[in-house]
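Colleague: just a sequence and a predicted model for now, questions to come.
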Amino acid sequence: MSARLSPVVPENRFDTLDALRGLALFGVLIADMRGYCAPDAIYGNMARLFPGLPDVIAQSAVDLFITGKGITLFTVLFGIGFGIQVSRAQKRGASLSFIARRLAILLVIGLIHSFFIWSSDILVGLALGGFLLFLFRKSRQQRVLSWSIGLFAATILFILSLYLYLRAGWKLPPSFGVANARMAVLNAINAYRDGDFWTMTVQRFNDWIQINKFLPFVLVFFALPRFLAGLWAWRRGYVSVPEKYANEIRWAAIWGLLIGLFADAFVFLMRYGVKPQHEFTFEPFAIAIAEQISYPAIACFYACGLVLLMQWEVWVERFRPFAAVGRMALTNYLAQSLVFTWFFRLTHLFGKVGPAMSLIPSVLFFGLQILFSVWWLNRFQFGPLEWLWRSLTYGEAQPMRREPPEESAALAEA
């Protein structure tokens, strides 16, 4: 008889993973804020709309410490979660079909989020990339690691090949860029600052198409190697028995920091001499390669550093509020999008608030999310959307309220 699966109860969760997920979500919020308050067409170059020194300094700091790192960490954690679910199912002799249902539901949630709340959604990519992970569920560790490293390297080789392709005199198809960047900026401002809901929805759909026109490439060369890195790290035991691999984790943190800082320093040095965007000189390609190195390196430093700190109870207590946010990651992520897309619409501040000022609502709102998450989880087992996701996955309503302490003690005694 196959064992019946159920969601992980809070007592069996890994505090380190929850804390990492909470910190990653903070990074995602800081990085995404430029998309909440300004058009996607300038996402990679905020100075086109906000050239002031405070905005340039603020965006440079965000790029140095957060951009690309938060989403990398979030994606690696998704791979770890996949590994945990597979190992639990295998131990119980259960089918993995519940993981497919879980991913399908996440995909639907992501599409709703993309078209009705915010176009730069990450849930669709996580869900579709999760299906790719099924190809590696039975793979040996060496194969998982080889594919992860190979896909990272392939991304860098692709960027180099693209540069040589252009150097040889070939032209890129029009679909590679924005046909009229200035018009795209104006359309976005008119829609998201002054338009009605239908106008915003149409603009959001067009933005989603523009953002995801290379989605298969992103899934294979960005998401999949990070998923595989997470799957490999879980199987290795870096999360379940970190004390056994403390020395390896320590060296990974050190090398991640050194390599990441070197790559980011190279990015900032190169940017001083970069010519206008869409003029295919060597500098933008060198920057793109350095960023592909810095993203996983700094994310590795963050992850390994927190894993080491969480070996001491005092740090477990200090990061417990972030763990609460991480346990409600889906609810908190969608809340960020919903609140800020409508905040900048209703206040008519879309396109008027630069990177410096946008840091203030980012930090304040995440602080509120910490307070709300701690308050909620003192009363309920799951976040609201986590409960819905789990209930749909397992085909029945999950128990929501936490048991009173005296009830839990009596049940444990029994």
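Modeller: It's in.

Colleague: and after the strand or helix carrying residue 335, which helix or strand comes next?
Modeller: Element membership for residue 335, per DSSP states H and E: helix 329-346. Once helix 329-346 ends, the next helix or strand along the chain (criterion: DSSP H and E) is helix 355-377.

Colleague: just give me how far that next one sits from the chain centre.
Modeller: 17 Å (CA atoms, centre = their mean, to the nearest Å).

Colleague: same check, this time on stretch 284-301
Modeller: Computed by CA atoms, centre = their mean, the chain-centroid distance of stretch 284-301 equals 16 Å.

Colleague: can you start the count at 396 instead of 1 from here on
Modeller: Okay, residue one is now 396; in that scheme the one you just asked about reads as stretch 679-696.

Colleague: for residue 505, identify the helix or strand it belongs to.
Modeller: helix 492-511.

Colleague: wait, what's in contact with the residue lying closest to residue 621 once chain neighbours are set aside?
Modeller: Excluding the flanking residues, the one nearest residue 621 by CB to CB, 6 or more residues apart in numbering is residue 470, at 4.0 Å. Where C-beta positions appear, they are placed from N, C-alpha and C, glycine not excepted. By CB atoms under 8 Å, 6 or more residues apart in numbering, the contact set of residue 470 is 521, 524, 617-618, 621-622, 625.

Colleague: now the two most distant members of the residues you listed.
Modeller: Pairwise distances among these were taken by CB to CB; the largest, 13.4 Å, belongs to 617 and 625.

Colleague: more neighbours: which of those two?
Modeller: residue 625 (28 against 22; other CB atoms under 10 Å).

Colleague: and the pLDDT at the more buried one?
Modeller: Note for residue 625: predicted pLDDT of 95.

Colleague: what does residue 405 give?
Modeller: So, for residue 405, pLDDT stands at 48.

Colleague: any idea which helix or strand carries the residue nearest to residue 621?
Modeller: Assigned by DSSP H and E, residue 470 belongs to helix 464-487.

Colleague: over to residue 678?
Modeller: Element membership for residue 678 (DSSP H and E) is helix 677-704.

Colleague: and that helix, how far out from the chain's middle?
Modeller: For helix 677-704, the distance to the chain centre is 14 Å (CA atoms, centre = their mean).

Colleague: and that helix, what's buried?
Modeller: Across helix 677-704, burial judged by 16 or more other CB atoms under 10 Å covers 679-703.

Colleague: try stretch 559-566
Modeller: Buried-residue list, stretch 559-566, by 16+ other CB under 10 Å: empty.
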